[in-house]
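J.: what shape does this take:
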Amino acid sequence: MSFHVPEKYRFTEKGNGLSTDKSFGNNGCFLICTQQLGRYSELRMIASDGDGWEHVSASFLDRCPSWAEMCEVKNIFWDPEDCVVQFHPPESQYVNCHPFTLHLWRKVGSGFETPPGYMIGPRDAQRRTICK
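T.: All right, here's what the predicted structure looks like:
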């Protein structure tokens, strides 16, 4: 299990406060061009690791990332079997620096307890259609 950054997406353009290079390790800004419904958008991701946490924020300028896009972010920065989470903290702890940003977190050296698979939903073979 491992946190890793995609160097090919690292933002390295000088003259911007978000520019980093490999010497920053797992910390930096990363950009991916995505296409949804025939429209191209720039997915901005900021990665960090410190104080025992791995973290990636993901945002678009005009909308929140979709579930599928957050899955892509997870798969870019973590291994397939790593468990990462999106927290919903108490309202008194909300911080909102950008209205279209979502965050993924993983505690280093500690796994998250997850519910049993049957509580999450049926596997493909067990699915049934209730809407016709």
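
J.: list the helices and strands the longest helix seen in the chain packs on?
T.: In the chain, taking DSSP state H as the definition, the longest helix is helix 67-77. Under the contact definition 3 or more CB pairs under 8 Å, 6 or more residues apart in numbering; DSSP states H and E, helix 67-77 sits against strand 28-36, strand 39-50, strand 53-59, strand 101-107. Placement of C-beta: from N, CA and C, glycine included.

J.: tabulate these (CSV), appending distance to Thr20.
T.: Shown next, in CSV, are these (distance: least, CB to CB, whole Å):
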stretch, distance to Thr20
strand 28-36, 3
strand 39-50, 9
strand 53-59, 14
strand 101-107, 18
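
J.: highest mean neighbour count out of the ones you listed?
T.: strand 53-59 (a mean of 20; mean count of other CB atoms under 10 Å).

J.: got a pLDDT number for Ala47?
T.: Ala47 carries a pLDDT score of 97 in this model.

J.: contacts only, for the residue lying closest to it once chain neighbours are set aside.
T.: The spatially closest residue to Ala47, leaving aside those adjacent along the chain, is Val56, at 4.8 Å (CB to CB, 6 or more residues apart in numbering). By CB atoms under 8 Å, 6 or more residues apart in numbering, the contact list for Val56 reads 45-48, 73, 77, 103-104.
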